[in-house]
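J.: all I have is the shape, not the residue letters:
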(Lines give C-alpha, C1' and ligand atoms only; values in the text may rest on other atoms or scores of the structure.)
Protein backbone atom coordinates (compact mmCIF):
# COMPACT_ATOMS: atom_id res chain seq x y z
CA UNK A 1 0.00 0.00 0.00
CA UNK A 2 1.16 3.51 -0.84
CA UNK A 3 -0.25 6.40 1.20
CA UNK A 4 -0.12 9.71 -0.67
CA UNK A 5 -0.99 13.14 0.69
CA UNK A 6 -3.14 15.38 -1.48
CA UNK A 7 -4.41 18.89 -0.76
CA UNK A 8 -8.07 19.81 -1.10
CA UNK A 9 -9.68 20.49 -4.48
CA UNK A 10 -8.77 24.19 -4.39
CA UNK A 11 -5.21 23.22 -5.33
CA UNK A 12 -6.07 21.78 -8.74
CA UNK A 13 -2.58 22.28 -10.25
CA UNK A 14 -0.91 20.54 -7.33
CA UNK A 15 -3.37 17.65 -7.48
CA UNK A 16 -2.73 17.23 -11.21
CA UNK A 17 1.03 17.10 -10.59
CA UNK A 18 0.60 14.56 -7.78
CA UNK A 19 -1.62 12.32 -9.91
CA UNK A 20 0.85 12.56 -12.80
CA UNK A 21 3.77 11.64 -10.53
CA UNK A 22 1.90 8.66 -9.07
CA UNK A 23 1.28 7.35 -12.60
CA UNK A 24 5.04 7.41 -13.17
CA UNK A 25 5.76 5.34 -10.05
CA UNK A 26 6.12 1.63 -10.74
CA UNK A 27 3.85 0.44 -7.93
CA UNK A 28 1.31 -2.35 -8.31
CA UNK A 29 -0.30 -2.18 -4.87
CA UNK A 30 -3.17 -0.14 -3.54
CA UNK A 31 -2.73 3.64 -3.57
CA UNK A 32 -4.59 5.59 -0.88
CA UNK A 33 -4.94 9.37 -1.03
CA UNK A 34 -5.16 11.23 2.28
CA UNK A 35 -6.00 14.89 2.82
CA UNK A 36 -2.74 16.66 3.61
CA UNK A 37 -4.21 20.07 4.48
CA UNK A 38 -2.20 21.80 7.20
CA UNK A 39 0.28 18.93 7.53
CA UNK A 40 3.25 21.25 6.88
CA UNK A 41 1.92 23.81 9.36
CA UNK A 42 1.51 21.12 12.03
CA UNK A 43 5.00 19.78 11.31
CA UNK A 44 6.46 23.29 11.51
CA UNK A 45 4.82 23.77 14.91
CA UNK A 46 6.60 20.60 16.06
CA UNK A 47 9.92 22.26 15.20
CA UNK A 48 9.39 25.29 17.44
CA UNK A 49 11.91 23.97 19.98
CA UNK A 50 14.72 24.30 17.41
CA UNK A 51 14.78 28.08 17.29
CA UNK A 52 14.63 30.23 14.18
CA UNK A 53 18.01 29.35 12.60
CA UNK A 54 17.76 25.59 13.09
CA UNK A 55 14.12 25.62 12.04
CA UNK A 56 15.09 27.17 8.69
CA UNK A 57 17.74 24.47 8.30
CA UNK A 58 15.15 21.77 9.05
CA UNK A 59 12.95 23.19 6.30
CA UNK A 60 15.85 23.15 3.82
CA UNK A 61 17.22 19.71 4.69
CA UNK A 62 13.92 17.87 4.40
CA UNK A 63 13.10 17.27 8.06
CA UNK A 64 9.95 19.36 7.74
CA UNK A 65 8.81 17.27 4.77
CA UNK A 66 9.55 14.08 6.72
CA UNK A 67 7.49 15.28 9.67
CA UNK A 68 4.68 16.25 7.30
CA UNK A 69 4.77 12.77 5.77
CA UNK A 70 4.58 11.23 9.25
CA UNK A 71 1.53 13.37 9.97
CA UNK A 72 -0.16 12.23 6.76
CA UNK A 73 0.56 8.59 7.61
CA UNK A 74 -0.80 9.17 11.11
CA UNK A 75 -4.02 10.55 9.59
CA UNK A 76 -4.31 7.41 7.48
CA UNK A 77 -3.82 5.18 10.54
CA UNK A 78 -6.45 7.12 12.50
CA UNK A 79 -8.85 6.77 9.58
CA UNK A 80 -8.30 3.00 9.47
CA UNK A 81 -8.78 2.67 13.23
CA UNK A 82 -12.08 4.57 13.07
CA UNK A 83 -13.37 2.19 10.39
CA UNK A 84 -12.17 -0.92 12.23
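T.: Looks like it came in fine. From a predicted model like this one, the values you see are computed outputs, not experimental measurements. Numbering: from 1, shown residues only.

J.: can you give me the helices in this structure?
T.: Under the criterion DSSP state H, the chain contains helices at 12-24, 39-45, 52-60, 63-83.

J.: so who does the residue sitting nearest the centre point of the chain touch?
T.: By C-alpha atoms, centre = their mean, the chain has its centre lying nearest to residue 69, at 3.9 Å. By C-beta atoms under 8 Å, 6 or more residues apart in numbering, the contact set of residue 69 is residue 5. Yep, even glycine has a C-beta here, placed from its N, CA and C like the rest.

J.: residue 1 against residue 34, yeah?
T.: No. Using C-beta atoms under 8 Å, residue 1 makes no contact with residue 34, being 11.4 Å away.

J.: pLDDT on stretch 41-57, on average?
T.: Stretch 41-57 shows a mean pLDDT of 89.

J.: what comes up buried for that stretch?
T.: Within stretch 41-57, the residues scored as buried using 16 or more other C-beta atoms under 10 Å are 43, 44, 47, 55.

J.: nearest to residue 6, of those residues?
T.: Residue 6 has its nearest neighbour among the buried residues of stretch 41-57 in residue 43, at 16.4 Å by C-beta to C-beta.

J.: what is the neighbour count of the nearest residue to that closest one once chain neighbours are set aside?
T.: Closest residue to residue 43 apart from its sequence neighbours, by C-beta to C-beta, 6 or more residues apart in numbering: residue 67 at 3.6 Å. Number of residues near residue 67 (other C-beta atoms under 10 Å) recorded here: 19.

J.: over to residue 74?
T.: 13.

J.: could you list the low-pLDDT ranges of this structure?
T.: Applying pLDDT under 70 to the chain flags no residue at all.

J.: higher neighbour count, residue 1 and residue 34?
T.: More crowded of residue 1 and residue 34, by other C-beta under 10 Å: residue 34, with 19 against 8.

J.: beta partners for the more buried one?
T.: residue 5 (DSSP bridges).
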